[in-house]
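*Asks:* Generate coordinates for the sequence data below:
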Amino acid sequence: MANKNKLSIYMIRDEFMTNEDVVDNYDSYTEIEDVGTVYVKNSHTATPEWAVSFFNEQLNTNNLFSANARAVAIVRISTDNTETDDPEHTKTFAIVMGYGKNMLKDNVIEERFGLKVILNTIKQDSLRRINKINIGGNQKLSSEQLPLKSGISDFGLDINRDLVSNIAGVSDDDQYVTGILAGGDILSLTAEVDISNIVDFLKKTYRKYKLTTYTRNFAWIDQIQDVKDTRLIELLDAKLIEAVNIESQDIWMAVPELIEWSEVKGFKYAGSQIHDDIDIEKVRGSFREPLIRFDQLKGKKITVISALDDSQLRSWAASKCLFGEIMLNNKAYCINSGKWYCINTDFVQQVNNDYSRTKISPIVFDEFNANHDSEHAYSKSFTDNHIDQYILMDADNIAYGGGHSSIELCDILSEQKEMIHIKPYSGSSTLSHLFSQAAVSAELVLSDNAFLIKANERILQKAPNLNFEIIDRRKIKVVFGIITKYQEPLPRLPFFSMVSFRYTKRRLEAFGFDVSIKNILNVKDAS
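*Replies:* Have a look, this model is predicted:
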């Protein structure tokens, strides 16, 4: 019987035909007959730098060492009864050990391989953990774990705007594997598998990957599809470079995966300087030549520096740190961790139709002009110009919930109980925050008497009369004023901002709130 091992498996994309296409940065390799090749990076023990730099040689370091072991086994299997050297009927897998993932070259792995294997192996109510990325605005990365086997609804997943990147669940097929499987691009599991039976196990795994049974219970996983057409990817890459060079707010850079920030000193991407975060403008400015090709971003490394010993924790291609959204030929695409995704066309149409039917606020807003350098300046000017109808609430937060928690009721409150939220358009992440903030405030007013009492105390301090006090909560209206350079009354928003707004609008309307929106013309940039 084979030994029980923890396995971490990647499937390699078909276009990478040789081991040299896949593995890099190794010191030696061993051929294993009828299995494949194992590549090893030599480990070197050393005293951690912090042991000297922090303790000033007052610490005995004779027995204090660190080392990072890493290896990769490359195994090719036949997908039918042909020989494994037939490229049309062969699949290549990489089994990584220790820190072996760092020995694989960039962009060689098949995305969502592990995810599909898992969803074809578990029941719909056997989930234990999901990692999800919110694409409706700020690309928030989150990981949720439950103590018992659960269904997807228990995780609060919004199938219309959450991209599931990693999942863990309990196997429903004892003939394949028992226990918990986890992964996204990678497949992680513990099984009675070692070098003696790895080939047969990988064949079973590939058969699991090819199944479509997941569509019965997990069809939502395909709501957001990865883009594989190479020509389309080239077009999207070119559009992205244009957006970066005009400093578009719709494209930015960030850490592409969950990390332990307490272990991170910073990031290197130009020379020896360590930066606190990944800033797209600084990355763009670090190129010796103008940024004109996406390949330049693929070739630049962003390195994570350890807070413990200044060593390299890991690195990514700069392209993998890209996030944002682009519209091309009336289709919505988002780039996440350097990978392009296309949103289901029916969903795009639903969002567009829903947004076009949004109620437009009857409020006649003043124009945003050269006298206004921020939304606060605009809100103050507007309330000063309409002193009997509106009061300024912006930046006057209400302490609530203990500690340092505070809630902004709104930017402007009208005598008609319109809670108005103002924001210049500056990218989906900014608007996502605005919409979320408005929802939290309105729900607290509706459901929490203690918060309403505090809110009314603050209102009466500012109001010229008692008419502004919120007494009948059913009369509350939520209004969004978006400052843009366009003339039309309905603000022109990018797709993922509309997704975020749709979610907030539905949430507020479910509580009975009247929700509307209105464009505020920025005459400084009007077109």
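
*Asks:* use CA for all of it now, contacts and neighbours both
*Replies:* Noted.

*Asks:* what sits against Ile118?
*Replies:* Ile167, Ala168, Gly169, Ser171, Leu181, Ala182, Gly183, Leu187 (Cα atoms under 8 Å, 6 or more residues apart in numbering).

*Asks:* from what I can see the fourth one touches Leu181, true?
*Replies:* Right, Ser171. Yes - using Cα atoms under 8 Å, Ser171 is in contact with Leu181, at 6.7 Å.

*Asks:* Mind checking which of the two has more residues around it?
*Replies:* Neighbours were counted for Ser171 and for Leu181 using other Cα atoms under 10 Å; Leu181 has more, 25 against 21.

*Asks:* What strand or helix carries the more buried one?
*Replies:* For Leu181, the host element (DSSP states H and E) is strand 180-183.

*Asks:* in stretch 357-373, what counts as buried?
*Replies:* Neighbour-count burial for stretch 357-373, with 16 or more other Cα atoms under 10 Å as criterion, is recorded at Ile360, Ser361, Glu367, Phe368, His372.

*Asks:* I would like the residues contacting the helix or strand containing Leu7, please.
*Replies:* In this assignment (DSSP H and E), Leu7 forms part of strand 5-12. Strand 5-12 is contacted from outside by 22, 91-97, 108-110, 113-114, 185-194, using Cα under 8 Å, 6+ apart.

*Asks:* of those residues, buried ones?
*Replies:* Judged by 16+ other Cα under 10 Å, buried ones among the contacts of strand 5-12: 22, 91-97, 108-109, 113-114, 185-194.

*Asks:* Okay, and which of these map to helices?
*Replies:* Judged by DSSP state H, those include Val22, Phe113, Gly114 as members of helices.

*Asks:* With distance to Asp472 and pLDDT as new columns, can those be given to me in JSON lines?
*Replies:* JSON lines is the format used below for those (distance: Cα to Cα, whole Å; pLDDT from 0 to 100):
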{"residue": "Val22", "distance to Asp472": "66", "pLDDT": "95"}
{"residue": "Phe113", "distance to Asp472": "54", "pLDDT": "94"}
{"residue": "Gly114", "distance to Asp472": "53", "pLDDT": "95"}
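
*Asks:* from memory Trp252 sits against Asp277, does it?
*Replies:* No - Trp252 is not in contact with Asp277 according to Cα under 8 Å; the separation is 12.0 Å.

*Asks:* Show me which of the two is the more surrounded one.
*Replies:* More neighbours surround Trp252 than the other of Trp252 and Asp277, with 20 against 14 (other Cα under 10 Å).

*Asks:* where does that one land in three-state SS?
*Replies:* At Trp252 the chain is in strand, as set by DSSP: H, G, I helix; E, B strand; the rest coil.

*Asks:* Please report how far the residue lying closest to it once chain neighbours are set aside lies from Asn134.
*Replies:* Using Cα to Cα, 6 or more residues apart in numbering and skipping the chain neighbours, the partner closest in space to Trp252 is Phe323 (5.4 Å). Separation of Phe323 from Asn134 (Cα to Cα, to the nearest Å): 11 Å.

*Asks:* More neighbours: these two, which one.
*Replies:* Taking neighbours as other Cα under 10 Å, Phe323 and Asn134 compare with Phe323 leading, 23 against 19.

*Asks:* Adjacent strands (with direction) for the strand holding Leu181?
*Replies:* Take DSSP bridges as the rule and strand 180-183 pairs in its sheet with strand 162-171 (antiparallel), strand 187-191 (antiparallel).

*Asks:* Show me the shaky parts of the protein.
*Replies:* Within the chain, the segments meeting pLDDT under 70 span 81-87, 135-141, 152-153, 156, 158-161, 223, 258, 401-404, 426-429, 525-527.

*Asks:* all helices of this protein, in order?
*Replies:* Using DSSP H, the helices of the chain run over 19-22, 49-53, 113-119, 198-210, 214-217, 230-245, 280-285, 294-299, 345-356, 375-385, 428-447, 449-462, 495-510.

*Asks:* Nearest to Glu408, out of those helices?
*Replies:* Of all the helices of the chain, it is helix 428-447 that lies closest to Glu408, at 6.9 Å by Cα to Cα.

*Asks:* Run through who's touching the closest one.
*Replies:* Contact with helix 428-447 is made by 136-139, 249-250, 407-410, 421, 423, 425, 451-452, 455, 473, 478, 494, 496-497, 500-501, 504, 507-508, 511, as judged by Cα under 8 Å, 6+ apart.

*Asks:* Give me the buried entries from the residues you listed.
*Replies:* Among those, those classed as buried by neighbour count (16+ other Cα under 10 Å) are 136-139, 249-250, 407-410, 421, 423, 425, 451-452, 455, 478, 494, 496-497, 500-501, 504, 508.
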